[in-house]
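Novice: Structure for the following, please:
(chains A, B and C)
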Amino acid sequence: MPENADSPKLRARMRAALLRWYDRNRRDLPWRRSRDPYAIWVSETMLQQTQVATVLPYYRRFMGAFPSVEALDRAPLDAVQSIWSGLGYYRRAMNLKHAAGVLASRHGGRLPDDYDALLKLPGIGRYTAGAIMSIAFQRPYPAVDGNVRRVYARLFGLTDAKELDETAGRMVSRPRPGDFNQALMELGATVCSPAAPTCERCPLSHWCRARASGSFELPRGRHVETKAVEWPLVIIESNSRVLLHRRPDDGLLAGLWELPTPATLPPGVARESVAVAPIAVIRHAITDKRITAPVYLLRREARVRGKAWRWVALAALSSYPLSSLYTKALRAAQHRLGARLSSIGAGDT
DNA sequence: CAAACGTGGAC
DNA sequence: TGTCCAAGTTT
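Specialist: From the prediction side, this is the model:
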């Protein structure tokens, strides 16, 4: 048992110290200026496995385009995916859109002030439900993410997941459960970092077990074997348009548009293209794949059928949901395409 | 429950 | 260059 968390008085002191630290050190983030549960939900979803700095521009654009549940519900899926392009874990965007529909039809267009109801929404798991409950509704639920696990692991010497959950449940403060949870995460992200914690700046160092023992080791994450993958891409260009293909609705990059590969050229387009040298070679990683992507340019017309193929004007590429793999390839080819493709991918508007 | 799911920052 | 891994969820 983590003796440090046993005493209610001690817990109260730790909470107070953490909140005081947070009040003086909190970063000024856009979602912290809002009290709208929708804004909290969107930010927490974007922040899943994604760092704050990466999220910021996406959050601004998303909230600008879809400022409410109703706006999101009414938006075309393509528009939502397009804004999300480059952020990764694209199922999150599908889940948001889907959940917005559920909220509109069954919850009056609002996030429910109810942990179990939140959990039922697609894309909301234990962490996100706890974050929304505490931050948006001031309810004393824990929100245990990687930061919190690390902080408690060091602070109390915890390794067991169940004990950690119990501790998190006992530690949450009321009042200010949302600030408390964010303080814990902020501490983990900025002070109690994985490799080199700066204990001099930590308001909890006085009580910290790892600090006392000098051992900050954490249980290793699962080692994931990466695979080298060759993934050639073909840019078929004609009249300032390129040919895109829509990916299947499940699996990798589900529902996004892609550049064809030599093996999946549309019917009627021979593979003659790929005999020539690539104009560029892209390197990109997707989860456990280390992708090497030679990019081939083929200038020719082609007749295509079906909803899965589409000629897209270069100027319209920015409104297409594309993985960074493809925006990299298109950027590498832009001078040959005679277009200023600042409009490709994230970053504009 | 292990595996899949994106991307870019940090070292 | 390589490796780790981040405000997780789903199947």
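
Novice: From now on I want contacts and neighbour counts done on CA atoms only, so please keep to that.
Specialist: Fine.

Novice: How many residues are close by the residue of the stretch 201-349 of chain A found nearest DNA strand C?
Specialist: In the stretch 201-349 of chain A, no residue comes nearer to DNA strand C than residue A:221, which is 4.4 Å away by C-alpha to the nearest atom of the strand. For residue A:221, the tally of surrounding residues (other C-alpha atoms under 10 Å) stands at 6.

Novice: how near is it to DNA strand B?
Specialist: Residue A:221 sits 11 Å away from DNA strand B, taking C-alpha to the nearest atom of the strand, to the nearest Å as the criterion.

Novice: What helix or strand is that residue located in?
Specialist: Under DSSP states H and E, no helix or strand contains residue A:221.

Novice: swap in residue A:284?
Specialist: Counting by DSSP H and E, residue A:284 is part of strand A:280-286.

Novice: Any regions of the stretch 151-300 of chain A where pLDDT drops low?
Specialist: Applying pLDDT under 70 to the stretch 151-300 of chain A picks out residues A:270-275.

Novice: In it, mark out all the strands, start to finish.
Specialist: A:227-230, A:233-238, A:241-246, A:257-258, A:280-286, A:289-299 (DSSP state E, counting those that start in this stretch).

Novice: Which of those sits closest to DNA strand B?
Specialist: Judging the strands of the stretch 151-300 of chain A by C-alpha to the nearest atom of the strand, what sits closest to DNA strand B is strand A:280-286, at 4.1 Å.

Novice: For the closest one, give me every contacting residue.
Specialist: Outside strand A:280-286, the residues that touch it by C-alpha atoms under 8 Å, 6 or more residues apart in numbering are A:290, A:291, A:292, A:293, A:294, A:295, A:296, A:325, A:328, A:329, A:332, A:333.

Novice: Those residues of the stretch 201-349 of chain A touching DNA strand C, which are they?
Specialist: Proximity of the stretch 201-349 of chain A to DNA strand C (C-alpha under 7 Å from any atom of the strand) is limited to residues A:220, A:221, A:222, A:223, A:224.

Novice: Residue A:289 is in contact with the last one, correct?
Specialist: Okay, so that is residue A:224. No - checked against C-alpha atoms under 8 Å, the pair residue A:224 and residue A:289 is beyond contact range at 10.3 Å.

Novice: Work out the gap between whatever helix or strand residue A:72 lives in and the centre of the chain.
Specialist: For residue A:72, the element it lies in under DSSP H and E is helix A:69-74. In terms of C-alpha atoms, centre = their mean, to the nearest Å, the centre of helix A:69-74 is set 20 Å apart from its chain centre.

Novice: buried ones in it?
Specialist: A:69, A:70, A:72, A:73 (16 or more other C-alpha atoms under 10 Å).

Novice: Averaged pLDDT, that helix. What do you get?
Specialist: What helix A:69-74 shows for mean pLDDT is 98.

Novice: Give me the contacts around stretch A:137-152.
Specialist: In contact with stretch A:137-152 (C-alpha under 8 Å, 6+ apart) are residues A:37, A:113, A:126-131, A:133-134, A:158, A:164-165, A:168-169, A:172-178, A:181, A:184-189, A:192, A:194, A:218.

Novice: same thing but 7 Å
Specialist: Stretch A:137-152 has contacts (C-alpha atoms under 7 Å, 6 or more residues apart in numbering) with A:113, A:127, A:130-131, A:133-134, A:158, A:168-169, A:172-174, A:176-178, A:181, A:184-185, A:188-189, A:192.

Novice: out of those, which touch DNA strand C?
Specialist: A:127, A:185, A:188, A:189.

Novice: I'd like to know how far the second one sits from residue A:19.
Specialist: Per C-alpha to C-alpha, to the nearest Å, residue A:185 is found 12 Å from residue A:19.

Novice: pretty sure residue A:85 contacts residue A:318?
Specialist: No - if you go by C-alpha atoms under 7 Å, residue A:85 and residue A:318 don't touch, sitting 9.2 Å apart.

Novice: can you redo the strands of the stretch 151-300 of chain A as CSV with mean neighbour count?
Specialist: Shown next, in CSV, are the strands of the stretch 151-300 of chain A (neighbours: other C-alpha atoms under 10 Å):
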stretch, mean neighbour count
strand A:227-230, 12
strand A:233-238, 23
strand A:241-246, 22
strand A:257-258, 22
strand A:280-286, 16
strand A:289-299, 19
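
Novice: Distance to residue A:33 for those strands - can I get that in TSV?
Specialist: Shown next, in TSV, are the strands of the stretch 151-300 of chain A (distance: least, C-alpha to C-alpha, whole Å):
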stretch	distance to residue A:33
strand A:227-230	42
strand A:233-238	43
strand A:241-246	38
strand A:257-258	35
strand A:280-286	33
strand A:289-299	38
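
Novice: Against residue A:122, how distant is the closest residue to residue A:121 other than its chain neighbours?
Specialist: Counting by C-alpha to C-alpha, 6 or more residues apart in numbering, residue A:121 lies nearest to residue A:99, which is 5.8 Å off, once chain neighbours are set aside. Using C-alpha to C-alpha, one gets 6 Å for the distance from residue A:99 to residue A:122.

Novice: same deal with residue A:287?
Specialist: Taking C-alpha to C-alpha, one finds residue A:287 at 22 Å from residue A:122.

Novice: Between these two, tell me which one has more neighbours.
Specialist: residue A:122 (17 against 12).
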